[in-house]
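S.K.: next input, structure requested:
(chains A and B)
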Amino acid sequence: MDKINLTIDNKDIKVPPGTTLLKAAEKAGIDVPSLCYHPDLTIHGACRVCVIENLKDNSLLASCVTPVQNGMELSTRSMKARKARRRNVKLLLANHPNDCLGCDRNGSCELQDITHNLGICREDIEEIQGEVRKVPRDQVGPALKRDPNKCILCGRCVRVCEEVQGVSALQFSNRGFDSIVTTAFDLPQSEINCANCGQCATVCPVGAITEVSEIKNVWEALEDDNLHVVCQTAPSIQATIGEEFGYKAGTVVTGKLIAALDKLGFDRVFSTEFTADLTIMEEGAEFLQRITKNENLPHITSCCPGWVKYAEHNYPELLNHLSSAKSPQQMFSALSKTYYAEKEGLDPEKIYTVSIMPCTAKKFEKEREEINASQSKDTDAVLTTRELARMIKEVGIKFEMLEDKEYDILMGKHTGAGTIFGTTGGVAEAAVRTVKEKLTGEPLNRLDLGFKGINKAEVVINDKIIRVAIVNGLKNAEKILKEVKKGQSNYDFVEIMACPHGCVGGGGQPLPVDEKTKELRGNSLSHTDRQSVVRRSHKNPMIEKLYSEYLKEPNGSKSHQLLHTSYKKRAKN
Amino acid sequence: MKEKIYRSHVLICTGTGCVSSGSKNIKHELQDELADNNLLDEIKIVETGCHGFCEKGPIMIVYPEGVFYCQLKKEDVQEIVQEHLLKGRIVDRLLFKEPLTEESIPSYKDIDFYKKQHRIALANCGKIDPESIEEYIANNGYEAAGKALTEMTPAEIIEEVKSSGLRGRGGGGFPTGLKWEFAYKQDSDKKYVICNADEGDPGAFMDRSILEGDPHKIIEGMIICGYAIGADEGYVYVRAEYPLAIKRLQKAISNAEELGLLGDNIFSSGFNFKLNIKKGAGAFVCGEETALMASIEGKRGMPNPRPPYPAEKGLWGKPTNINNVESYANIPHIIAKGAEKFSSIGTENSKGTKVFALTGKIKNTGLVEVPMGTTLREVVFDIGGGLTEGKKFKAIQTGGPSGGCIPSNYLDLPIDYDSLLEVGAMMGSGGMVVMDDSTCMVDVARFFLSFTQSESCGKCTPCREGTKRMLEILNRICQGEGEQGDILLLEEFGHHIKETALCGLGQSAPNPVLSTIKYFKKEYESHIYDKRCPAGVCSELSAAFVINKEECVGCGQCVKVCPVDAVIRDKEENYSIDDNLCISCGACAQKCPVDAIKQG
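M.R.: Below is the predicted model of the structure:
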């Protein structure tokens, strides 16, 4: 189709029809400030911060929603546009607590950045200040907390929860000045059908939705001489935490991550990739059994706690399809207080296990009653990538100057299969690698799975076609699950990750984030896998040791006691 | 079967207004009286829709004479039967009396309220039984649909509507034919027609009256539209607070379906059309078309940016044409009588008639339909009968809560879309509130803004936050805490909201404030600088009331009504008001039988 010609700030631009003015301005080299706009979500047009002036009739247009037209002459910087933009930001600030110093998002807040860039000062706000919203905060949950008083009603959380996750846990409520984003019947977010995926927190431009911080507890544990503090880092952390220290998205900083944790005072730094390999052993054995007996197929993964909770709320009738294998986090934690304690001769009571996770749902997972195998709480604390970065910054560790270190060996050794747990498709690929080789003795070529939505692959194992589906984003999961529910699904193995792009797109990852960033992060995990000497979980020598010295066999009785769990139906409210 | 012939028809209004003033009782009483006098075979009772003169309800019209009885009581029925229906003597005391001349007017047609009206949209209202499809058909109903479906192509219909000059009656004033053409040109497997009956302006009831009084006309208008744009399904979005309108519309749809006027292969033309009713929950913003469609889809009623316009991506993403009730009500007339006849009425750019809900400090309140171009003076003084209590005209507010206030020097303004916009008001859906000199314009602005402010959906920043700040300033001014710079700030906010709000609600919400500042700036200044409310409305800024001892008769009624016990009676039975206690509410002055109490 013919391109549209227009001028923005006196610069001639050619763009395809349907392009928004915001995108066209980007092409002209102008970043128009915006708040409700998010590249991964549908357009909303609510904040009116992105207004620019149509020079032909002096009207103001919201650039994020207005499509280009031939012959338009626009100014992003006219006095009129700048004044209107400032006024809308001032209106938002006049109904905002403006307690930046005490806010979790201080430094990563989009409203703060815009306020700074527009040069809005306290007097500007006071001039128009009147009543300020005062509603109760929701901070009871183990995973997420909400402060509606900070909310600027941009609706990003509402959209991500509905459009990407299909959960719709959050919605606008009330009218006019009393409008808020809230849950049904204003229930705490922990008491509704929220999956705790934290996607809302990743798109929130301000500090209205954030993770429940456990930094304080971890510092206390690290200070406590009686405690032996071990930590595990989830596979994706190495590919994301660098962003917090100025690295480009997708830079893998495994060695520095380990060094930083060591410097913070953790007694042992292990990797969740080790238990990811273990998950493959357990889940692989379970899958083999199901395939042989042709029962509970498709086999659906259970390593993602967001997905598991979603299933418990929405598809309780399919819970028998879920692998009974615990998530790598919980396998690790259970072993840290049994196997590891035994090997090191430590009192399990004195071991404090911290996980560094890309995820807010993991904070909920550690609280699940049925999950504690070690007679005490398996996981003591979960830190998101963002929280860990804060701890590193708090004590002034110069991340880029750290000398690379390696994981402690016993539960740190891992394979490329464990690494790709951190991105979409990784779990399925890792499982199939092991299953195929166990059955045929042949190694598996790459499945080459894409990143978006639903991906499908077929693997031939001993003349049998194994159909694999990989899903990320809960809304995408819904499609497959409906098929399964109706008995129309012919899949054998389904991997479901709640967050788009899997754990690299998790709710606890560095901000800001969009599709592009997530893709870069995922790519580098796949790259790391390809570089690995050992790429199949069952070839991990430490896994072999674990089985021979402790667990005996996958899916055996010891495994079942420590590494498997159960699920329960939850109300669909 | 031969249709029975009656010597007289008695029309009883059963619109919501008359029903609430007791017209159902009148009807039952009349039925009993007719039965007692063996008149049931001679005289037929017809329940009709609204006559528009609700203030005078319950209303009864006796045909063939066309005698108009008003404000009837159950006890009056016997007299009407005995005198009028049996003896042919008109009951003078029950006739309407012109407010200016005090003269009794027997005939409906001679009443000033009706004389200057020109009824197209309301033509059948009050004339036929809205629950009888036969009566509608007998009054040329469905003739236009028949003509459209069997003799005209969609393009011809659209051309006819375009050349009629009909513009959207919901307030926007967008040319209806053009709107239809956009939807017609879209290539899609499915299209929708929507009728916007989410009438939310306080005091407005034109849509309700049409739906209650002539539901088939809306169905017919929508059938024609559906055929013209290629839609086979329609929705009437009507607020749930209109139970009678919903009931009658539902019945009308069923009857039309029974006669094959809705459903498959209408008039053997091969055209199918299904009509649904969607009840709205009463959010004002759902009158905005994108919010309305969101609401039909089961979502929160929140507007979405346009483009895409409904004609491209409307209900469930399909091309949709959405018009207001009154717009559809004009369609059968245009198709049946031709565009030329319709466009012969009105002004250059506003054709046809417009229905207004006339309220406020005026003698004849009610629903009126006048040709475009009628002056405000004609509406206020000729049809409306002038102001009550001999008060002076101060302003007229048009366009509902987001309209503007027009002062007396514009009384000769011919009403049309453009002229109203030019003076800072708007047509809106047709609200008209007349104000006299006892009205405080700052308070009026505050009242309307508080409505739009609380009905804002909360989506966009300027409307949600900006109207709140404006309202806070107005509250301050009315409480005597106005400061220098407030007027400027109100104007700045007002223009800012108009220019940056997402939808029509926000874009027009500041109108009452901006138009009152424009025409009544002095009142704002009095409030801010002199700390005085010239109309004596804002209690914090009004002088206390004083009792004139010479005129006082000592009845003591003022003592009883004073809400703050500010009226004092001394030992000598002299009454006075403690000005420290008086809140200037004026209740005492209103109650005083001898007008002895005045504001000091």
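S.K.: give me the phi and psi angles of residue 482.
M.R.: Went with chain A since none was named. phi -60, psi -40 (degrees, to the nearest 10).
S.K.: what does A:Asp138 give?
M.R.: According to degrees, to the nearest 10, A:Asp138 has phi -110, psi 100.
S.K.: could you do A:Thr272 as well?
M.R.: phi -70, psi -20.
S.K.: what about it, how many neighbours?
M.R.: 34 (other Cβ atoms under 10 Å in any protein chain shown). Every C-beta, even on glycine, is put in place using the N, C-alpha and C of the backbone.
S.K.: how about the contacts made by it?
M.R.: A:Gln232, A:Thr233, A:Ala234, A:Pro235, A:Pro328, A:Gln329, A:Phe332, A:Ser355, A:Gly418, A:Phe421 (Cβ atoms under 8 Å, 6 or more residues apart in numbering or on different chains).
S.K.: what secondary structure does the last one sit in?
M.R.: The assignment at A:Phe421 comes out as helix when based on DSSP: H, G, I helix; E, B strand; the rest coil.
S.K.: identify the residue nearest the residue of chain A found nearest chain B in space, chain neighbours excluded?
M.R.: Residue nearest to chain B within chain A: A:Ser179 (2.7 Å; Cβ to the nearest Cβ). Leaving out its chain neighbours, the residue that sits closest to A:Ser179 by Cβ to Cβ, 6 or more residues apart in numbering or on different chains is B:Gly458, at 2.7 Å.
S.K.: so that neighbour, which of the three states?
M.R.: Once three-state DSSP is applied, B:Gly458 turns out coil.
S.K.: quick check: phi and psi at it.
M.R.: Per degrees, to the nearest 10, the backbone of B:Gly458 is at phi 90, psi 10.
S.K.: that one contacts A:Arg175, correct?
M.R.: Yes. In this structure, B:Gly458 is within contact of A:Arg175 by Cβ atoms under 8 Å, at 5.6 Å.
S.K.: identify the residues contacting A:Asp186.
M.R.: A:Ser173.
S.K.: what do you get if the cut-off is 7 Å, keeping everything else the same?
M.R.: By Cβ atoms under 7 Å, 6 or more residues apart in numbering or on different chains, A:Asp186 lies in contact with nothing.
S.K.: just the one 10 residues further on next, same as before
M.R.: Contact partners of A:Asn196, counting by Cβ under 7 Å, 6+ apart, are A:Ala143, A:Leu144, A:Gly306, A:Lys309, A:Thr360, A:Ala361, A:Phe364.
S.K.: which of those has the largest number of neighbours?
M.R.: Using other Cβ under 10 Å as the neighbour criterion, A:Thr360 leads these with 34 neighbours.
S.K.: spatially nearest residue to that one (excluding sequence neighbours)?
M.R.: Using Cβ to Cβ, 6+ apart, the closest residue to A:Thr360 is A:Gly198 (3.2 Å).
S.K.: ok, now how distant is that neighbour from A:Cys161?
M.R.: For A:Gly198, the distance to A:Cys161 (Cβ to Cβ, to the nearest Å) stands at 11 Å.
S.K.: quick one: which of the two has more around it?
M.R.: For A:Gly198 versus A:Cys161, neighbours defined as other Cβ under 10 Å are more numerous around A:Gly198 (30 against 24).
S.K.: for that one, give its distance to A:Glu519.
M.R.: 19 Å.
S.K.: next one: A:Gly396
M.R.: 32 Å.
S.K.: who has more neighbours out of these two?
M.R.: Neighbour tally, A:Gly396 and A:Glu519, criterion other Cβ under 10 Å: the higher count belongs to A:Glu519, 20 against 6.
S.K.: distance of that one from A:Val253?
M.R.: A:Glu519 is 18 Å from A:Val253, by Cβ to Cβ.
S.K.: now the contacts of A:Thr272 as a markdown table including secondary structure, distance to chain B and pLDDT?
M.R.: Formatted as a markdown table, these follow (DSSP: H, G, I helix; E, B strand; the rest coil; distance: Cβ to the nearest Cβ, whole Å; pLDDT from 0 to 100):
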| residue | secondary structure | distance to chain B | pLDDT |
| --- | --- | --- | --- |
| A:Gln232 | strand | 42 | 97 |
| A:Thr233 | strand | 41 | 97 |
| A:Ala234 | coil | 37 | 96 |
| A:Pro235 | coil | 39 | 93 |
| A:Pro328 | helix | 39 | 94 |
| A:Gln329 | helix | 37 | 96 |
| A:Phe332 | helix | 43 | 95 |
| A:Ser355 | strand | 38 | 97 |
| A:Gly418 | helix | 43 | 76 |
| A:Phe421 | helix | 37 | 76 |
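S.K.: can you name the two of those that are farthest apart?
M.R.: Pairwise distances across the contacts of A:Thr272 peak at 14.6 Å for A:Ser355 and A:Gly418 (criterion: Cβ to Cβ).
S.K.: can you list the domains in the chain?
M.R.: Picking chain A for this. A:1-128, A:144-212, A:216-563 (automatic domain parsing).
S.K.: sorry, should have said chain B
M.R.: B:8-115, B:133-343, B:353-436, B:441-530, B:543-599.
S.K.: quick one: which of the ones you listed is nearest A:Thr66?
M.R.: Going by Cβ to Cβ, the one of the domains of chain B nearest A:Thr66 is domain B:133-343, 7.6 Å.
S.K.: could you give the separation of that closest one from the chain centroid?
M.R.: 19 Å (Cα atoms, centre = their mean, to the nearest Å).
S.K.: show me the contacts for A:Trp307.
M.R.: Here A:Trp307 is in contact with A:Leu474, A:Ala477, A:Ile496, A:Met497, A:Ala498 (Cβ under 7 Å, 6+ apart).
S.K.: one more pass at 8 Å, please.
M.R.: A:Ala195, A:Thr301, A:Leu474, A:Ala477, A:Ile496, A:Met497, A:Ala498.
S.K.: not counting its neighbours along the chain, what's nearest the third one?
M.R.: Nearest non-adjacent residue to A:Leu474, counting by Cβ to Cβ, 6+ apart: A:Gln165, 4.3 Å away.
S.K.: next, count neighbours for that neighbour.
M.R.: 26.
S.K.: ditto for B:Glu573
M.R.: Count around B:Glu573 with other Cβ under 10 Å applied: 9.
S.K.: and what of the one 5 residues further on?
M.R.: Summarising burial for B:Asp578: neighbours were counted as other Cβ under 10 Å, giving 13.
S.K.: that one against B:Ile568, yeah?
M.R.: Yes. Counting by Cβ under 8 Å, B:Asp578 touches B:Ile568, with 5.8 Å between them.
S.K.: can you report phi and psi for the closest residue in space to B:Gly400 that isn't next to it in sequence?
M.R.: Nearest non-adjacent residue to B:Gly400, counting by Cβ to Cβ, 6+ apart: B:Asp201, 3.3 Å away. When read as degrees, to the nearest 10, the backbone of B:Asp201 gives phi -60, psi 130.
S.K.: list the contacts of B:Asp201.
M.R.: B:Ala357, B:Gly400, B:Pro401, B:Gly428, B:Ser429, B:Gly431.
S.K.: same question for A:His96.
M.R.: A:Leu111, A:Val132, A:Asn149, A:Lys150, A:Ile152, A:Val206.
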